[in-house]
Structure formats: structure tokens, C-alpha cells
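1. Predicted model and sequence below, questions to follow.
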Amino acid sequence: MKVNKDTTFEKKSNTKINKKNIFIILVTVLMLFLGFAISKKIRQNQLERYQSYDAAAKIDSTELFEQGIAKNVGLAFVYGELKAIDTVSYPEISGEYSYIKKEIQHYRKHSRTVEKKHKDSKGKTYTTTETEYYWKWDTTGTVSKTATKISFLGVEFDYKKIPFPRSHKIDIITTGFHERTIYYGTETSFQGTLFTSLNANTINESKFYQNQTISETIKNLKTGFGLFFFWIAWIFIMIVVVVLISYS
């Protein structure tokens with residue numbers, strides 16, 4: 001009896017495709033189960049954090065803040081003014097700051113090798129390399145100063161105890177031909193909420209939320225984007241895995 005070779009090949013091909021499809025389904029199901037397990041753990045961690053926010057002390061007076069530090073009450077949301085005590089500046093600019101930096105720059109000529117494509121008279125493409133010249137500002141040095149003492153809600157601490165908001169550009173001064181200095185600074189005082197741990201008679205692992213009340217800070221911290229971003233990333237990984245298996 002004669003066997004049709006094309007039919008035999010088709011059967012083998014279909015068997016291979018069916019096995020691959022079954023394997024893809026199994027991998028997808030397993031990844032979904034794993035995704036749900038991970039998301040459950042993330043959700044549990046979120047709920048524990050939310051409970052710690054609700055249980056944390058809520059403080060808005062100097063007296064309560066000092067008592068909380070003395071009694072080591074643990075996690076606390078504290079609303080008040082963050083302020084630099086010994087402010088800093090440079091004589092060539094006006095104003096006082098909690099942090100200031102000057103960036104010294106020179107305008108310099110640079111070169112780079114670039115590839116350019118051309119066509120000859122017959123329409124054939126060929127490539128040549130050329131040296132291109134350009135100018136840009138190069139930073140040649142930076143110096144900075146910070147306050148050493150700060151206060152929050154009237155209680156004094158070392159500067160590094162509370163992270164101040166980021167600095168911003170405050171001035172640019174031309175100091176010579178193709179020379180300039182850019183100044184960055186952070187203001188001396190901010191209003192907002194401090195999320196901290198009151199232990200060992202001081203504040204620890206502090207985060208400052210500028211222009212937010214205690215209730216606004218807690219609301220923002222409870223925004224549950226963690227699970228959303230996890231599932232976006234996990235679905236993307238699943239798609240990549242399925243595509244790799246399909247084309248393997």
C-alpha cells in the first residue's frame with residue numbers, strides 16, 4: 001500500500017502545532033496563577049501599610065511633637081514648617097537658601113566623526129565619514145553649601161535628618177569670555193507633612209510631603225497604583241513569553 005508523503009508530513013506538522021498550542025495554554029494558565037499569587041501578596045502588603053498609616057500618630061503642635069519624640073511613639077504624621085536655621089548663600093548673588101550649588105561652565109569646541117550617505121551617478125549608495133565640529137557648554141567644576149541645622153515644627157535637627165525639596169535654577173552669571181556660572185538653590189522654608197518614625201528620641205527615615213496636610217498625605221499614600229502597574233507589566237511579560245514560544 002502506497003502512503004501519501006504529503007499527507008504524512010501534514011499530520012506530523014499538525015501534531016507539532018497542536019502540542020505547541022497546548023504548551024502555550026499551559027504556560028499561560030501557570031503564569032496567570034502565578035500572577036494572581038503575586039498580586040495577592042502585593043495587596044496584603046498594601047493593606048498592612050494602609051493599616052500602619054491609620055494607626056500612626058497625627059501631630060500638628062510643637063508640644064505633641066516633642067512628647068512623641070521623648071516617648072518614642074513610632075510612626076507619625078507631623079504637619080508643620082520645615083525651616084533652615086543657618087541659611088547659606090554666595091556673595092555674588094542675592095537671597096538666602098537651605099542649599100546652594102554653583103556649576104562652573106566653559107563654552108568649548110568639540111569634534112565628532114559622522115557617517116554620510118551619498119549616491120553616485122549610477123544611483124549606487126556609498127558612505128563616507130567626516131569630522132563635524134560643534135560647540136557646547138561643559139561643566140568644569142561644582143561647589144555647594146548646605147545649612148547644618150534645621151527645624152521642623154519648632155524642633156531642631158541636623159540638616160540630613162529631613163530631605164528638603166529639590167533645588168532649582170536661580171541665576172546665571174557670565175564670568176568671562178565663554179565662561180559662566182549657573183546657580184541652583186533650595187528655599188529656606190516649606191510647609192507640609194513629615195512622615196517619620198519617632199524612635200531613639202529622634203526622627204528616623206523621614207519623608208517630607210510639601211504643601212500637603214496630614215489627611216492629603218495619607219490619601220495620596222493610599223493610592224493603589226502598585227497592583228495596576230504590576231498587572232500591566234505581568235501581561236506584557238506573558239505576551240512576550242507566548243510570542244517567543246510561538247516562534248521557537
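-> On my side now, so go ahead. Numbering: from 1, shown residues only.

2. Poorly predicted segments of the protein, please.
-> Within the chain, the segments meeting pLDDT under 70 span 1-17, 224.

3. Which helix runs longest in it?
-> Criterion DSSP state H: the longest helix present in the chain is helix 5-55.

4. In contact with residue 242: list those residues for me.
-> Listed by C-beta atoms under 8 Å, 6 or more residues apart in numbering, the contact set of residue 242 reads 24, 27, 28. (Glycine included, C-beta is placed from N, CA and C.)

5. which one is the residue nearest the centre of the chain nearest to, not counting chain neighbours?
-> By C-alpha atoms, centre = their mean, the chain has its centre lying nearest to residue 166, at 13.1 Å. Spatial nearest neighbour of residue 166, chain neighbours left out: residue 186 (7.1 Å); criterion: C-beta to C-beta, 6 or more residues apart in numbering.

6. burial count for the one you found?
-> Residue 186: 20 surrounding residues under other C-beta atoms under 10 Å.

7. residues touching it, list them.
-> 97, 98, 99, 100, 164, 165, 166, 167, 168.

8. Mind doing that once more with 6 Å?
-> Going by C-beta atoms under 6 Å, 6 or more residues apart in numbering, residue 186 touches 97, 98, 99, 164, 167.

9. Repeat that for residue 206.
-> By C-beta under 6 Å, 6+ apart, residue 206 lies in contact with 162, 194, 196.

10. Skip the chain neighbours and tell me the closest residue to the first one.
-> Think residue 162. Of all residues not flanking residue 162 in the chain, residue 206 sits nearest, at 5.0 Å (C-beta to C-beta, 6+ apart).

11. Repeat that for residue 79.
-> Ranked by C-beta to C-beta, 6+ apart and with sequence neighbours excluded, the top spatial neighbour of residue 79 is residue 60, at 4.6 Å.

12. can you give me phi and psi for the one you found?
-> Residue 60 has phi and psi values of phi -140, psi 20 when expressed as degrees, to the nearest 10.

13. Show me the helices in the protein, by range?
-> Going by DSSP H, the chain shows helices at 5-55, 62-71, 214-221, 225-246.
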